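[1] When you get a sec, could you give me coordinates for this:
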Amino acid sequence: LLVPQQCDLTGRWKNDLGSWMEVFAVDSQGNFSGEYHTAVSSTQKPIQPSPLIGSQHLDEDGKKTGRSFLVGSCSGSHSTAVFVGQCFAEDGGKEVLQTSWLLREKVDSPHSDWKATRTGRNVFSRISWEE
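    Next comes the predicted model:
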């Protein structure tokens, strides 16, 4: 059973494909930065960590809901990914982020635009530094 969680996104999160992100401190307005490390790519070039910026939605009472965050361009891959999601707590208190994403890749012409955007879903789990 998953229930909405008052979730602070600060920390490390790993998804079901092995990509992971570190969210640095979330400020009082819900804004944050961090790094995203992808484990998947369609390029043969080494992929460097990408800057991650985003905003965590705050309810009217100031409680953090863990919704909405975004990843900037994936260094070396000519693509940009955007994630939106919400944090939930599983039985036992384990936190997970259920996310949907859009990935926009560079194309060479307007005729190729039809294949430039992909969509998908990922589940991120909070991890410790030892994992």
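
[2] Nearest residue to the middle of the protein?
    Phe83 (4.9 Å; C-alpha atoms, centre = their mean).

[3] buried stuff in the host helix or strand of that residue?
    In the assignment (DSSP states H and E), Phe83 maps to strand 79-89. By neighbour count on 16 or more other C-beta atoms under 10 Å, the buried set for strand 79-89 is 79-83, 85-89. Placement of C-beta: from N, CA and C, glycine included.

[4] and that strand, which strands flank it?
    strand 3-4 (antiparallel), strand 73-74 (antiparallel), strand 95-105 (antiparallel) (DSSP bridges).

[5] okay, and the helix or strand of this protein with the least pLDDT?
    Every helix and strand in the chain was compared by mean pLDDT, DSSP states H and E; the lowest is strand 3-4, with a mean of 50.

[6] Skip ahead from that strand and say which helix or strand is next.
    The helix or strand immediately downstream of strand 3-4 is strand 11-15, counting by DSSP H and E.
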